[in-house]
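Enquirer: the amino acid sequence is not available; the structure is as follows:
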């Protein structure tokens, strides 16, 4: 049985109609729903073969994968999140594959991610916590075989051009987790997913300091004023890198004043930066310990342009509780509707229903904003944007 994310080179689009996407999700979910009504047969363990395939073309073009020195693996619950090495196919050297025998029971869920050595985890916001899932349906269980074919990061909107970002982080009045109020910020480093940003290994050990990008408060590297407790660093992200940049700051790396951990912003949540199409440089201002999604909307002249295309962004945070933000952009003014549906296709909330001019928009969705004013329960929901002939749907997860 095959599971595929089809794509056609760089022209691939993730514009799925709501009901076709809902049908796929419903078919995959039916075994799990049936389990709750005791209609599944008694669970019996069985070994099935799962073939994983992943396309890393964009990572190669963005300089995140060097086929002469790097390797690709799949990690998941089936191998205790260790490496199962993958190998390039004969017909396409950008596609890596591995077939793995896995012991499963009917209704099981296999959680996994793809990984590029030395430290590049896949990041896909279409899935909770960025993990992918294969649900063992009756069909998969009976056939004993599943083929899962996709692209690294699910082709999550690559940058159309190089983009230079001036990161500015204000530490005035900020608190380092685990340290008394007023502890001085002696150093500040920036970590993240998209190169040249890198994440440290688990536990953020002192030995991984070289993976972080040092920020400056000395009037250099884009810093406007020395010794004002506002740190800066200028970073260029290459064309074809992900336009969604996951990152976080670290204070006093390896020093006694770091609070006992290098992962020491008050919040555990990573920051998310969305780079809109056509941006080549911009400045981003953050405050240490205050985490929220940001959008780069400026070009070289630092004037805000009108969007060149329609796009519905992934909600953030996702999964969410108690609320989440949904952003979109319109290339041309239109009657806009933004609605939320449950997994059965029932409309549960209308967030927008009005004429909007071309521009960039954002709304906050709270589970209490429903049509019947009843609070939503935990689970998967879909939000759909309609603007003229443009229709796009994305999935979000509410956790209670």
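Expert: In hand now; what should we look at? In this text the structure is predicted, and so the values were computed from the model without any measurement.

Enquirer: is residue 257 in a helix, a strand, or coil?
Expert: Following DSSP: H, G, I helix; E, B strand; the rest coil, the label given to residue 257 is helix.

Enquirer: give the buried residues for stretch 132-139.
Expert: Going by neighbour count (16 or more other CB atoms under 10 Å), the buried part of stretch 132-139 is 132, 134, 135, 136, 137. No exception for glycine: its C-beta is placed from N, CA and C like everyone else's.

Enquirer: what about those, which are in strands?
Expert: In this view, the buried residues of stretch 132-139 that belong to strands under DSSP state E are 132, 134, 135.

Enquirer: least trustworthy helix or strand in the chain by mean pLDDT?
Expert: In the chain, no helix or strand scores lower on mean pLDDT, DSSP states H and E than helix 18-36, which sits at a mean of 39.

Enquirer: after it, which helix or strand is next? Please name it.
Expert: Using DSSP states H and E, the next helix or strand after helix 18-36 towards the C-terminus is strand 46-55.

Enquirer: give the pairing partners of that following strand; include direction for each.
Expert: Partners of strand 46-55 in the sheet, by DSSP bridges, are strand 95-104 (antiparallel), strand 145-151 (parallel).

Enquirer: mind listing what's buried in the helix or strand following the shortest one?
Expert: In the C-terminal direction, the helix or strand that comes right after strand 145-151 (DSSP H and E) is strand 163-170. Neighbour counts over strand 163-170 (16+ other CB under 10 Å) mark 163, 165, 166, 167, 168, 169 as buried.

Enquirer: and what of stretch 236-255?
Expert: For stretch 236-255, by 16+ other CB under 10 Å, it's 237-238, 240-253.

Enquirer: give me the neighbour count for residue 63.
Expert: Residues lying near residue 63 (other CB atoms under 10 Å) number 13.

Enquirer: give me the element it is part of.
Expert: Counting by DSSP H and E, residue 63 is part of no helix or strand.

Enquirer: for the protein, which spans come out with low pLDDT?
Expert: 1-43, 123-130, 154-157, 267-269, 277, 292-307 (pLDDT under 70).

Enquirer: again, only this time at 50
Expert: 4-41, 128, 298-304 (pLDDT under 50).

Enquirer: per-domain residue ranges of it.
Expert: 2-155, 163-296, 311-398 (automatic domain parsing).

Enquirer: end to end, how far does the last one reach?
Expert: With CA to CA, to the nearest Å as the measure, domain 311-398 spans 22 Å from end to end.

Enquirer: and that domain, how far from the chain's centre?
Expert: Distance of domain 311-398 from its chain centroid, counting by CA atoms, centre = their mean, to the nearest Å, is 18 Å.

Enquirer: mind starting the numbering at 4 from now?
Expert: Done: numbering now begins at 4, and the last item shifts to domain 314-401.

Enquirer: so what secondary structure elements neighbour the host helix or strand of residue 383?
Expert: Element membership for residue 383 (DSSP H and E) is strand 382-390. If you count contacts as 3 or more CB pairs under 8 Å, 6 or more residues apart in numbering; DSSP states H and E, strand 382-390 packs onto helix 21-39, strand 327-333, strand 337-344, strand 350-359, strand 393-401.

Enquirer: so the closest residue in space to residue 265 that isn't next to it in sequence versus residue 55, what's the distance?
Expert: Closest residue in space to residue 265, ignoring its immediate chain neighbours: residue 207 at 3.9 Å, by CB to CB, 6 or more residues apart in numbering. Taking CB to CB, to the nearest Å as the measure, residue 207 falls 29 Å from residue 55.

Enquirer: those two: which is more packed in?
Expert: Using other CB under 10 Å as the criterion, residue 207 and residue 55 rank with residue 55 on top: 25 against 22.

Enquirer: got the contact list for that one?
Expert: The contact partners of residue 55, by CB atoms under 8 Å, 6 or more residues apart in numbering, come to 77, 87, 89, 100, 101, 102, 103, 115, 117, 151.

Enquirer: rewinding a little: tell me the one among the ones in strands among the buried residues of stretch 135-142 nearest to residue 260.
Expert: Relative to residue 260, the closest of these is residue 135; by CB to CB it sits at 39.3 Å.
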